[in-house]
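Colleague: let me see the structure of the following:
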Amino acid sequence: MKFTVMRSRFLELLSNVQSVVPNKPALQIISNAMVEAGEDGTLTLTATDLDVSVRTTLASDVKVDEPGATTLPVRKVVEMLRMAPEGEIQFDIDADAVARVITPAAKYRINGLNVREFPVIKEPAAEAKSFTLDRAIFREMLRKTAYAAGTDETRRVLTGVLLQFENNKLTMVATDGKRLALVEQEVEFPAESTCSMILPPKAVAELSRLLNGEGPMRIYGQIGQILFDCGSFRFYSKLIEGAYARYQAVIPTTCDERVTINREELITSIQRVAIMSNDKTYAVRMVFGEGALTLSASSSEAGEASDVIPIKYSGRPLAATYNPTYIMECLRNLDSEEVVFELTEGHNPAVVKCEGVPFLYVIMPLRIPV
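Modeller: Residues are numbered from 1 along each chain as shown. This next block holds a predicted model:
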């Protein structure tokens, strides 16, 4: 196997797969990436940690002299390329998976492993359900929801993000039991493709990193696995097994009051008063009054703080206490100038919405004095 590739292009290819490679691999082979030089002049890299896998292809700035396949240690190759000046990198791999590498500044001998030891990446079956969606839209949906997923491994299902394809729309949901983020997007697909899948946290993190730019993306789902095909790369992931929480039951169906608030002003105000919040309870009290929102926080050790910002509201006074992080994470992942709080009573869940955007965020109040 022999090929020549531009340093920066190969480094770019490796950066797409490097984060998938585990730091402490269960098998030595998965610390390597499979490198395939095709007869069509393409160079393909595949990496896996056995739960998620990435396959990415380079079709330019590469010359294949002898097609073949091998595996090479990802981190060593990345270190080597980072130290090399820009220019052509020549790889010559023998039958024992030993790579002789010539860079513009140095020569290397890198011990690989036989490609036959590399795990087989399962491709979707012919009957897999498929959907087409713009990658930028999907990435934005992840941004608006993923932060609300849980971290408690004893409730594994809630650590993932739900993808629910139903009634010609994708509903994406994340919740940790104390808050819930939901966003919807119209997607055309046949009724028989209706399904729900739970995307694990590592897959969410990798897709948020990999899905750059715009363009159509094909999603294939089958029992236990999902595939995202973006043309230049394919991302595979196992799914979280189990039934997702009945999230619809926690979304309030009615509200008594609606409050419109400038998003950036609310973030800044919460940051100001949260400085004085109790480290253990970490809470900010919000009092909604006619035309004004008063925020306050206090602790016996640090002291107290209060702030007032203007709001669009003319209803009865309402007060509630929230975890400030839960509110700010929602607000920071939105783009609208204003947000709407839908409220009933201070001890009931509040709903945050954006005008004209199919998004909602349910947040439970804290039952503690501030």
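
Colleague: residues touching R100, list them.
Modeller: Applying Cβ atoms under 8 Å, 6 or more residues apart in numbering, we find R100 in contact with F91, D92, I93, D94, K107, Y108, R109. For every residue, glycine as well, the C-beta is placed using N, CA and C.

Colleague: assumed it was part of a helix.
Modeller: No. Using DSSP: H, G, I helix; E, B strand; the rest coil, the secondary structure at R100 is strand, not a helix.

Colleague: give me the distance between the residue nearest to A47 when sequence neighbours are not counted and V357.
Modeller: Nearest residue to A47 in three dimensions, chain neighbours excluded: V17, at 3.7 Å (Cβ to Cβ, 6 or more residues apart in numbering). For V17, the distance to V357 equals 34 Å [Cβ to Cβ, to the nearest Å].

Colleague: show me where this protein has its helices.
Modeller: For the chain, the helices defined by DSSP state H occupy 7-18, 74-83, 135-145, 201-210, 263-274, 324-332.

Colleague: V21 touches L50, doesn't it?
Modeller: No. If you go by Cβ atoms under 8 Å, V21 and L50 don't touch, sitting 11.2 Å apart.

Colleague: now the common contact residues for the two.
Modeller: Common neighbours of V21 and L50, counting by Cβ under 8 Å, 6+ apart, are I30.

Colleague: which one's more surrounded, the two?
Modeller: Using other Cβ atoms under 10 Å, the more surrounded residue of V21 and L50 is V21, with 20 against 12.

Colleague: can you pull the contacts of that one?
Modeller: Shown in contact with V21 (Cβ under 8 Å, 6+ apart): I30, S31, A33, A47, D49, V74, R75.

Colleague: closest to N333 among those residues?
Modeller: Nearest to N333 out of these is D49 (Cβ to Cβ; 26.8 Å).

Colleague: tally of neighbours for A320?
Modeller: A320 has 21 neighbours, counted by other Cβ under 10 Å.

Colleague: can you tell me which residues contact it?
Modeller: R285, M286, L343, G346, H347, A350, P365.

Colleague: re earlier: could you dump the contacts of R100 into TSV with neighbour count, distance to F189 and pLDDT added?
Modeller: Output for those, formatted as TSV (neighbours: other Cβ atoms under 10 Å; distance: Cβ to Cβ, whole Å; pLDDT from 0 to 100):
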residue	neighbour count	distance to F189	pLDDT
F91	23	42	98
D92	15	47	98
I93	24	43	97
D94	12	48	96
K107	9	53	97
Y108	15	49	97
R109	8	51	97
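
Colleague: so can I have CSV of the residues you listed showing distance to A205?
Modeller: Formatted as CSV, these follow (distance: Cβ to Cβ, whole Å):
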residue, distance to A205
F91, 30
D92, 36
I93, 32
D94, 37
K107, 36
Y108, 31
R109, 35
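
Colleague: okay, and which of the residues you listed map to strands?
Modeller: F91, D92, I93, K107, Y108, R109 (DSSP state E).

Colleague: which ones are touching the fifth one?
Modeller: Right, Y108. Contacts of Y108 by Cβ under 8 Å, 6+ apart are M80, A99, R100, V101.

Colleague: what does the first one give?
Modeller: Contacts of F91 were listed using Cβ under 8 Å, 6+ apart, and they are M1, K2, F3, T4, V5, V35, A99, R100, V101.

Colleague: quick one: residues contacting the fourth one.
Modeller: Looking back up the chat, that one is T4. V62, K63, D65, E88, I89, Q90, F91.

Colleague: and it, what are its bridge partners?
Modeller: K63, Q90 (DSSP bridges).
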